[in-house]
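Enquirer: Sequence and predicted model, in that order:
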Amino acid sequence: MKIDVRAAAPSDIAVDALIAVFFEDEPFTAGPLAGLDAALDGALAACREASELRGRRDEVTYLHAPKGLAAGRLVLVGMGRREADRYQIGRAIAVGVRYLRGKKHASVGVVDRSELGGELFGQLVAEAVESASVDLSAYKTEDRNDLHVEACTVQTDSSREQAVRRGVERGSIVADGIRFARSLGNEPGDKMTPRIMAERAAELAGELGLGIEVLEEERLKELGMGALLGVARGSEEPARLIVLSYEPETATSSDVVAFVGKGITFDSGGISIKPREGMEWMKYDMCGGAAVLGAMRAIAKLKPGRKVLGLVAAAENMPSGKAIKPGDVLRSYSGKTIEVLNTDAEGRLVLSDALTYAIEKGATRIVDLATLTGACVIALGHVFAGLMSNDQEWADGVLAAAGSAGEKIWQLPLDKAYRELIRSDIADIKNLGGRTAGTITAGYFLREFVGSTPWVHLDIAGTAWVEEDRPDIARGATGFGVPTLVELVAPAAS
């Protein structure tokens, strides 16, 4: 979508539909929307007085041919009560754009909210309108409810125009990375195998000048990546370890930050097979890997002065006569042996080899992302991702980046006592710790493979996927993690 910025009064923005967002307690006679209300001869204030514009969250009012505006329609979106969360505004803009699905509007405008800095507002608009345009209808041949919007104009005043433009430019880049991750996550399992995922990564690297290494099955065997290969053993689709690298000519830091993603392109559970209900959603088990690729796409365009690696451990987890069985012992790339108690705890297995390889490739700091445990969904629902770390300073940095990027992450403890829950009688470690503290024991399992390297694990099982359409986002992959990873190595201007 083409996004432009224009310094003008709201009444002069000639688009098919003009979007304005407002809070429950917000007066229209003063503040960011006063100019819009004046152009409408006080109609907004009058509607508020008559309780016809309450501003409740996600409440949309759609006005045809509003007199006094150059726009053909006016879309008013409520944000609910004013909170400290500045991302209320971006969410409401996305609600407004998604409301236009099925309507034949080719252009939209967004009225400026002057209480935010210009760059932040521009970034919020770009991310919101791009996010609102994604859905799951790629394979539909009829009954499509498409968004027909091709262009967006961001209204502002001349004093903020350049700042808003900078924000739109950055927001468009981050949004492109999110869209890329969502497109991968939304693909059916037969259209997004480990091989295809590696091909998409190679295309990405070629397009943006990233380094790429793809370790195929024979090379994985030579290296002894028994954990990754063990998971893939039950499938006809061979595993891949994908490694993207961004290396600026003049790095401003000696750090090499590695992002490591779980790329299970379909998870049947293996021999410990999942129930049939909902198994079709297990195509989304590669959303951690998709987030890594989406973040690398944005980072390559933003060109920060830090070296970044992006690794994806890609495999299918399937049952067959060749599949690993409960009770089997695998030897990981690190040399540690792993007793497999449950073949459906496969994500931590593939990540263990990828984490070891990231350190071997020079990583000095690591963030891994994985749709790792149902226990995290039970603990935090679909609101927060879980964070575990072996280094509080690095954890604080990731939490701060998430806060700036508008993603919700909650830290969980990694006390040494949890190590006892994954102690094996016959191997160095086992891949399941029992019913209690399932998210934490999975995190502690991964900790065993990073040594003293500062590391953060993000369990995104509850945030990587939306099961039903919401007013602000379509059901399917969310691209969660992309904004945080980008902010971590290429922070936006404050």
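Expert: Yes, it's here.

Enquirer: Could you use CA atoms for every contact and neighbour count after this?
Expert: OK.

Enquirer: so where's the protein uncertain?
Expert: 494 (pLDDT under 70).

Enquirer: now the helices: where do they sit in it?
Expert: With DSSP state H as the criterion, the chain has helices at 34-39, 43-49, 87-99, 118-132, 161-186, 194-208, 217-223, 226-232, 287-302, 347-360, 374-380, 392-405, 438-447, 482-489.

Enquirer: Is it possible to get JSON lines of these that adds mean neighbour count and distance to P326?
Expert: Formatted as JSON lines, the helices of the chain follow (neighbours: other C-alpha atoms under 10 Å; distance: least, C-alpha to C-alpha, whole Å):
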{"stretch": "helix 34-39", "mean neighbour count": "19", "distance to P326": "65"}
{"stretch": "helix 43-49", "mean neighbour count": "17", "distance to P326": "63"}
{"stretch": "helix 87-99", "mean neighbour count": "25", "distance to P326": "44"}
{"stretch": "helix 118-132", "mean neighbour count": "26", "distance to P326": "41"}
{"stretch": "helix 161-186", "mean neighbour count": "24", "distance to P326": "29"}
{"stretch": "helix 194-208", "mean neighbour count": "19", "distance to P326": "24"}
{"stretch": "helix 217-223", "mean neighbour count": "14", "distance to P326": "22"}
{"stretch": "helix 226-232", "mean neighbour count": "28", "distance to P326": "12"}
{"stretch": "helix 287-302", "mean neighbour count": "28", "distance to P326": "25"}
{"stretch": "helix 347-360", "mean neighbour count": "24", "distance to P326": "13"}
{"stretch": "helix 374-380", "mean neighbour count": "17", "distance to P326": "19"}
{"stretch": "helix 392-405", "mean neighbour count": "18", "distance to P326": "34"}
{"stretch": "helix 438-447", "mean neighbour count": "24", "distance to P326": "17"}
{"stretch": "helix 482-489", "mean neighbour count": "24", "distance to P326": "34"}
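
Enquirer: among these, which is nearest G321?
Expert: helix 226-232 (12.4 Å; C-alpha to C-alpha).

Enquirer: tell me what the closest one is packed against?
Expert: In terms of contacts (3 or more C-alpha pairs under 8 Å, 6 or more residues apart in numbering; DSSP states H and E), helix 226-232 is packed against helix 217-223, strand 307-317, strand 329-331, helix 347-360.

Enquirer: would you put the C-alpha positions of stretch 170-188 in PDB?
Expert: Provided in PDB are the C-alpha atoms of stretch 170-188 (Å, rounded to 0.1, in the frame of the first residue of the first chain):
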ATOM      1  CA  ARG A 170      10.300   3.200   9.400                       C
ATOM      2  CA  GLY A 171       6.800   1.900  10.100                       C
ATOM      3  CA  SER A 172       6.400   0.700   6.500                       C
ATOM      4  CA  ILE A 173       9.700  -1.200   6.800                       C
ATOM      5  CA  VAL A 174       8.700  -2.900  10.100                       C
ATOM      6  CA  ALA A 175       5.200  -3.600   8.800                       C
ATOM      7  CA  ASP A 176       6.700  -5.200   5.700                       C
ATOM      8  CA  GLY A 177       8.700  -7.500   8.000                       C
ATOM      9  CA  ILE A 178       5.600  -8.300  10.000                       C
ATOM     10  CA  ARG A 179       3.600  -9.000   6.800                       C
ATOM     11  CA  PHE A 180       6.300 -11.300   5.600                       C
ATOM     12  CA  ALA A 181       6.300 -13.300   8.800                       C
ATOM     13  CA  ARG A 182       2.500 -13.500   8.800                       C
ATOM     14  CA  SER A 183       2.400 -14.700   5.200                       C
ATOM     15  CA  LEU A 184       4.800 -17.500   6.000                       C
ATOM     16  CA  GLY A 185       2.800 -18.500   9.100                       C
ATOM     17  CA  ASN A 186      -0.500 -18.500   7.200                       C
ATOM     18  CA  GLU A 187       0.700 -20.900   4.500                       C
ATOM     19  CA  PRO A 188      -0.700 -24.400   4.700                       C
END
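
Enquirer: which residues touch that stretch?
Expert: 122-127, 130-131, 134, 136, 192, 197, 283-284, 286-287, 290-298, 301-302, 476-480, 482-483, 486 (C-alpha atoms under 8 Å, 6 or more residues apart in numbering).

Enquirer: one more time with 6 Å
Expert: The contact list for stretch 170-188 (C-alpha atoms under 6 Å, 6 or more residues apart in numbering) reads 123, 126-127, 284, 287, 290-291, 294-295, 297-298, 477-479, 482.

Enquirer: State the pair within these that is farthest apart.
Expert: Farthest pair in the contacts of stretch 170-188 (C-alpha to C-alpha) is Q123 and Y284. Separation: 27.1 Å.

Enquirer: picking that back up, need the helices of the chain in a markdown table with distance to S424, can you?
Expert: As requested, the helices of the chain are arranged in a markdown table below (distance: least, C-alpha to C-alpha, whole Å):
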| stretch | distance to S424 |
| --- | --- |
| helix 34-39 | 67 |
| helix 43-49 | 65 |
| helix 87-99 | 45 |
| helix 118-132 | 45 |
| helix 161-186 | 34 |
| helix 194-208 | 30 |
| helix 217-223 | 25 |
| helix 226-232 | 16 |
| helix 287-302 | 28 |
| helix 347-360 | 15 |
| helix 374-380 | 21 |
| helix 392-405 | 28 |
| helix 438-447 | 12 |
| helix 482-489 | 34 |
